[in-house]
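Asks: please find the sequence and the predicted model below.
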Amino acid sequence: MRLTILCGLMFFCYYALGQPKIGIGVTSPQAQLDVIRSMRMGGVTPSSSFLIYDSVSGNFTWNKSNIFAPANQPLIKHGFSQEGLYYNNAALEYKNSAGQLQFRTHWPSGDGYIGGNLGIGRSDPGSPLHFPDDLGEKIILYGGASANYGIGMQDYLLQIHADQSASSIEFGYGSNSNFTELMRINGNGRVGIGTNDPQATLQAVKGAHLATAAFFPEDINAGINSHFNYGNSEYTYIRGGKITLNDIPGGKVGIGIEPTFADAVLEVNGRINIRKLSAADLGGYYLNKSDNFSLAGLVGMVGNNIGLYGINAPASFEMNATTGALRIASNAGNAGQFLQSKGASTRPAWVSATSPLYNSTIVLQSNITTIYSGAAPVDLPGMIRTFTLPGNATILVSYNMEFEIPNGQEKFANAYVDLLFDNNLISRSGTYSDYHMQTITGTAVISAGAGSHTIKLQGSCTDWTVYFTPSDYSKSLIIRILNK
């Protein structure tokens, strides 16, 4: 009865007094309904659904209760902006003040979305995924804690690993179900490029129209680079300002052959080798026959002499690098001697000359002279020489003369040079031309006896007057006298 009267009075006051504030446990209510300390809404038994708020602890107690969102709607908002927690099509979303999605979790599929950086074990992520600064396993993709496919960290070391030595790490393109492999690292330490079964520590398979390996300088457009298995013919090019092969002390290099000499630095197909001999004054390269032990030769330097040396036979040909003197075997010859061949089966020998040249090479230079058309042959100025022979001799004669038609008067003309020995005509050379300048050359071999002799040149022409002059390319008349 009392509760009914109280409720009636409260209802009367609500309408009669213009919606006043009602306080429960407080004399000055701050809201239309102000309840001090605690409030309960819902059923009264522990098994019923109710909501309790305790102002002392600040706790809301939900008993068999929940926020019910029958449609897409905000669940928590911070003021009048779009920032807050939303329910959206079976997903829980958090948006910023502009309504842009920052976080989303879709509970039917388990998919999630983070609009910024995610820190695992740290509150200041600096990238889309940021781990704490601790050593150890960072990501396990497959397997357990002791053996797995994953990524780990140790001091100054990034680890990308498989779970065991029989496993591999592959690199390529496509997807898990449609993968094209380009490179792999096997757990046994082998690396394969272009092959999934490397048979060496590193095996690279040549691609079509590509080199197996190419090395470029800093400027890749300089056109200087090194290739291995280049082009269809698989050529090998090694280029560089400095190329060092096997610089390990005692190391050997073999080209087309396994090195066989203990002191060889380089051997080429068993035919050429460079040997590191104990003698400091011996150097060069050796030439061998196919069995490496037959007759061999050295092209190099022994002491101050550069030459060709027989290793298994006492034969050599040397030139002294200081004086230029020549030597066959141990014989350097005497002054004035020359080398004479003894045939295919005997070495050459130093011999004295039996028919030496006289010191009588004569060189004459002519002067310009005019030869008139139709005139008898005229002595060419300076082209006459008289000499005396002590005995029989062979005389070699050569000459070069030019004839020139005066400028502005280019006409066809015949010009001749006659070689006379003791006023006897030996040879005549000439040309017929309309060119401005032509050269007339000639040679002769003359046998002569002891006594005084004269050699001279005469010039003549027909059809037109010409100038005769010495050739610009050599001396005009050269006479060489040889003993018989």
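Replies: Here it is on my side, so go on.

Asks: what about Leu158, which SS state?
Replies: strand (DSSP: H, G, I helix; E, B strand; the rest coil).

Asks: i'd like the first residue to be 340 from this point on
Replies: Sure thing, new numbering starts at 340, so read that last one as Leu497.

Asks: now the closest residue to Phe518 other than its chain neighbours: which helix or strand?
Replies: In space, and not counting its chain neighbours, Phe518 is closest to Gly511: 5.7 Å by Cβ to Cβ, 6 or more residues apart in numbering. All C-beta spots, glycine's among them, are computed from the backbone N, C-alpha and C. Assigned by DSSP states H and E, Gly511 belongs to strand 507-513.

Asks: in what helix or strand does the nearest residue to Gly454 once chain neighbours are set aside lie?
Replies: What sits nearest to Gly454 in space, not counting adjacent residues and going by Cβ to Cβ, 6+ apart, is Gln441, at 4.3 Å. Following DSSP H and E, the helix or strand that holds Gln441 is strand 440-445.

Asks: other SSEs contacting that strand?
Replies: Secondary-structure packing of strand 440-445 (3 or more Cβ pairs under 8 Å, 6 or more residues apart in numbering; DSSP states H and E): strand 430-434, strand 451-453.

Asks: which parts of it are buried?
Replies: Within strand 440-445, the residues that count as buried by 16 or more other Cβ atoms under 10 Å are 442-443.

Asks: for that strand, what is the distance to the chain centroid?
Replies: Relative to the chain's own centre, strand 440-445 is displaced by 52 Å; criterion: Cα atoms, centre = their mean, to the nearest Å.

Asks: now do stretch 728-735
Replies: 68 Å.

Asks: ok, the residue sitting nearest the centre point of the chain - contacts?
Replies: For the chain, the residue sitting closest to the mean C-alpha position, by Cα atoms, centre = their mean, is Asn564 at 2.3 Å. By Cβ atoms under 8 Å, 6 or more residues apart in numbering, the contact set of Asn564 is 553-556, 576, 578.

Asks: now the element after the helix or strand Thr400 falls within, going C-ward?
Replies: Using DSSP H and E, Thr400 sits within strand 398-402. On the C-terminal side of strand 398-402, the nearest following helix or strand under DSSP H and E is strand 412-416.

Asks: model confidence over stretch 612-619, on average?
Replies: Mean pLDDT, stretch 612-619: 77.

Asks: what residues sit buried inside that stretch?
Replies: Going by 16+ other Cβ under 10 Å, stretch 612-619 has these buried residues: 612-614.

Asks: same check, this time on stretch 581-591
Replies: The neighbour-count check on stretch 581-591 (16+ other Cβ under 10 Å) flags Lys591 as buried.

Asks: once you drop chain neighbours, what's closest to Val374?
Replies: In this structure, Val374 finds its nearest non-sequential neighbour in Ile363, 4.7 Å apart by Cβ to Cβ, 6+ apart.

Asks: was I right to think the one you found contacts Asp373?
Replies: Yes: Ile363 lies in contact with Asp373 (Cβ atoms under 8 Å); the separation is 7.1 Å.

Asks: so for those two, which sits in the more crowded spot?
Replies: The neighbour count for Ile363 versus Asp373, taken as other Cβ atoms under 10 Å, is higher for Asp373 (15 against 11).

Asks: so that one belongs to a strand, correct?
Replies: Yes: remark: Asp373 belongs to a strand, assigned using three-state DSSP.

Asks: that one pairs with what?
Replies: Gly362 (DSSP bridges).

Asks: quick one, what contacts it?
Replies: 360-363, 365 are the contacts of Asp373 under Cβ under 8 Å, 6+ apart.

Asks: and the helices in the protein?
Replies: Listed in chain order, the helices of the chain (DSSP state H) span residues 341-355.

Asks: domain parsing for the protein?
Replies: Domain assignment for the chain, taken from automatic domain parsing, gives 341-402, 545-582, 616-691, 701-822.

Asks: what's the mean pLDDT across the longest one?
Replies: The one in question is domain 701-822. For domain 701-822, mean pLDDT is 81.

Asks: how far does that domain sit from the chain's center?
Replies: Relative to its chain's centre, domain 701-822 lies at 63 Å (Cα atoms, centre = their mean).

Asks: measure Leu816 to Ala430 for me?
Replies: 115 Å (Cβ to Cβ, to the nearest Å).

Asks: so which of those two has more stuff around it?
Replies: Remark: of Leu816 and Ala430, Leu816 carries more neighbours, 25 against 18, as counted by other Cβ under 10 Å.

Asks: ok, that one touching Leu796?
Replies: Yes: using Cβ under 8 Å, Leu816 makes contact with Leu796 at a distance of 6.2 Å.

Asks: residues touching the nearest residue to Gly646 once chain neighbours are set aside, list them.
Replies: Leaving aside its chain neighbours, Gly646 sits nearest to Glu657 (3.5 Å; criterion: Cβ to Cβ, 6+ apart). Residues near Glu657 by Cβ under 8 Å, 6+ apart: 641, 644-648, 665-666.
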